[in-house]
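Show me the folded form of this:
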Amino acid sequence: MSSEMKVALVTGAGSGIGRAVALQLLADGFAVVLAGRRPEPLQALVEQAHAAGQQALAVPTDVRDPASVDALFAAIEKTFGRLDVSFNNAGIGAPAVPMDELSVEQWKNVVDTNVTGMFLCVRGAFGLMRRQVPQG
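From the prediction side, this is the model:
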């Protein structure tokens, strides 16, 4: 990595807004770490980036799982040694059912993805940015 290259993380990078943001960051010259639960779309995006001479790394990640998020930030630190941008986009909606039919397990899945996942990623990004030189 050149000392001028900035590194960005995009969670939920396999589709939708996350994919679009990742593509724009790549076009803007960032090295982009692509995180998401499904490895296939992440790898396809890496191949597209590499074909265009861009730098991307796919790290399959479940943001609900602290060990998975820790492994994500370990991969970022090992590969790039720094992080400049963290776009925490991973999220899900509750199933489209009446509230009294929504199970506690379904609700916990939404909260674990959207709230706990955000916390784990912000915590990981903050820790890496604090350790890196120069600090982020």
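
any low-confidence regions in the chain?
Counting by pLDDT under 70, the ranges of the chain that qualify are 1-3.

Try it again at 80.
By pLDDT under 80, the weakly predicted segments of the chain are 1-4, 136.

Can you show me the helices along it?
With helices called from DSSP state H, the chain shows them at 16-27, 39-51, 66-80, 104-111, 117-131.

list the buried ones in the last one?
Neighbour counts using 16 or more other Cβ atoms under 10 Å place 117-118, 120-121, 124-125, 128 of helix 117-131 among the buried residues. The way it works is simple: take the backbone N, C-alpha and C, and place the C-beta from them, glycine included.

what about residue 28, distance to residue 103?
According to Cβ to Cβ, to the nearest Å, residue 28 stands 42 Å off from residue 103.

Tell me who's in contact with the closest residue in space to residue 81 that isn't next to it in sequence.
Residue nearest to residue 81 in three dimensions, not counting chain neighbours: residue 132, with 6.6 Å by Cβ to Cβ, 6 or more residues apart in numbering. By Cβ atoms under 8 Å, 6 or more residues apart in numbering, the contact set of residue 132 is 77, 81-83.

repeat for residue 9
When contacts are counted by Cβ under 8 Å, 6+ apart, residue 9 is found next to 32-33, 35, 72, 76, 83, 85-87, 121, 125.

follow-up on the earlier one: can you tell which of the helices of the chain is closest to residue 91?
Closest approach to residue 91 among the helices of the chain (Cβ to Cβ): helix 117-131, 7.7 Å.

So what does the closest residue to residue 122 other than its chain neighbours look like in phi/psi?
Of all residues not flanking residue 122 in the chain, residue 88 sits nearest, at 6.6 Å (Cβ to Cβ, 6+ apart). Taking degrees, to the nearest 10, you get phi -90, psi 90 for the backbone angles of residue 88.
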